[in-house]
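Student: here is a sequence with its predicted model. Questions after.
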Amino acid sequence: MRWIYLFFQFLLKIYSPPYIYTLDKSFLCENQNSWIFKEFGTHTYIIKTWKQLQEGHFIRELNPRDILYITEVETRRQMENKNLRICEEKRDGVYILSCESFKISVTAEDFLKDYDLVSRTDCHDVIRIAYYSGVKKGRVISSYIPEKIAPHTKNKRQTLTLIK
């Protein structure tokens, strides 16, 4: 008689998990701000945002592994949102960098000298600012070179040689 009771307890334990909702990874989109959960034993899906998960008691009914995964993804998103990005480019190498909380206007030279700004800015935007400031400096140097060389080469005829 005891073994029948244990058998039914085992079946009850299998078919009634302690966590009702699990993260549905077949519809997983990390780019969106919403998460899709599937209810155990039914075909019911629930969509919740990170803010709704934090505010309500719904998180108590989730699998702890799913909670861990969601918090890791959300912390990555928050870290990405804290990065500065170029929101506007102006003339003479002036850039307006913005974040969720503030905007800053800075020239390319000042930006590249300030290590704190460079480390807080998105890497693609840093490369873009550095490239265009280098192009601008290169144009200044290339316009300066003919002025220096021109007086010495007016009388001399230049000959071109073919190097193989």
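Tutor: That came through fine.

Student: where's Ser105, which helix or strand?
Tutor: strand 103-107 (DSSP states H and E).

Student: Gln32: what secondary structure?
Tutor: With DSSP: H, G, I helix; E, B strand; the rest coil as the basis, the three-state label of Gln32 is coil.

Student: whoops, Tyr95 was the one
Tutor: Three states are possible here, and by three-state DSSP the one that applies to Tyr95 is strand.

Student: kindly report the same for the one 5 residues further on.
Tutor: Three-state secondary structure (criterion: three-state DSSP) places Glu100 in coil.

Student: which non-adjacent residue is nearest it?
Tutor: Counting by Cβ to Cβ, 6 or more residues apart in numbering, Asn81 is the residue found nearest to Glu100 once chain neighbours are left out, at 5.7 Å. Every residue, glycine included, has its C-beta placed from N, CA and C.

Student: top helix in this protein by residue count?
Tutor: helix 123-153 (DSSP state H).

Student: so how far is Trp35 from the residue nearest to Glu100?
Tutor: To Trp35, Asn81 is 17 Å away according to Cβ to Cβ, to the nearest Å.

Student: more crowded one of the two?
Tutor: Comparing Asn81 with Trp35 by other Cβ atoms under 10 Å, the one with more neighbours is Trp35, at 24 against 11.

Student: now that one, what are its backbone angles?
Tutor: phi -120, psi 140 (degrees, to the nearest 10).

Student: quick check: bridge partners of it?
Tutor: On DSSP bridges, the residues paired with Trp35 through beta bridges are Lys48.

Student: just checking, it touches Ile70?
Tutor: Yes. In terms of Cβ atoms under 8 Å, Trp35 counts as a neighbour of Ile70; the distance is 6.2 Å.
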